[in-house]
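Participant: Quick one, fold the following:
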Amino acid sequence: MEALLAFAAALLTLRLAGGLARRRRAGGGPQLTAWAASLVAYAVASAALAWGAASGWEDVSFRVYYLFGGLLTAPLLGVGSLLLAGRRWAAPVGLVYVAAETPDAARVLDFNYPADRQAVRSRAAVAGLHLVRRLLAQS
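Facilitator: Prediction:
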């Protein structure tokens, strides 16, 4: 029963996130993007909860649940509230995780780029390529 409720929560939350995304595309404020991302994170956490409840908790299911439910949902809600209050400095921060794996090694890096979206994307791509180059050089 617990798995079924968690799965239903994931589906309902995705529907709500889609509604916020539609409102944003129709000209709503930037806080709607942050709130929609928060709801997507909550939906992923609910799906991980359903996964763990249905098949038993494993390391991967718990990590997904903790990352999306414990670490991402509340901060994204907070960013949306800051944007609603007119604190525009909350929007241009880009948190990027870059991960690469070879048969011999794995590495995950996180970067916090305070810039516009295009600059964050460019810097993240360069960081990812450098990470892959370093891992291949070690192999």
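Participant: where along this structure do the helices fall?
Facilitator: Under the criterion DSSP state H, helices of the chain are mapped to 2-25, 31-55, 59-65, 73-84, 117-138.
Participant: Just give me the lowest mean pLDDT stretch among the ones you listed.
Facilitator: Comparing mean pLDDT across the helices of the chain, the weakest is helix 117-138, with a mean of 81.
Participant: Could you check how far the nearest residue to Gly69 once chain neighbours are set aside is from Arg87?
Facilitator: Of all residues not flanking Gly69 in the chain, Ala45 sits nearest, at 3.0 Å (Cβ to Cβ, 6 or more residues apart in numbering). The way it works is simple: take the backbone N, C-alpha and C, and place the C-beta from them, glycine included. Distance, Ala45 to Arg87, by Cβ to Cβ, to the nearest Å: 26 Å.
Participant: And Ser46, by the same measure?
Facilitator: Distance from Ser46 to Arg87, by Cβ to Cβ: 29 Å.
Participant: Which one's more surrounded, Ala45 and Arg87?
Facilitator: For Ala45 and Arg87, the more surrounded residue by other Cβ atoms under 10 Å is Ala45, and the numbers stand at 24 against 11.
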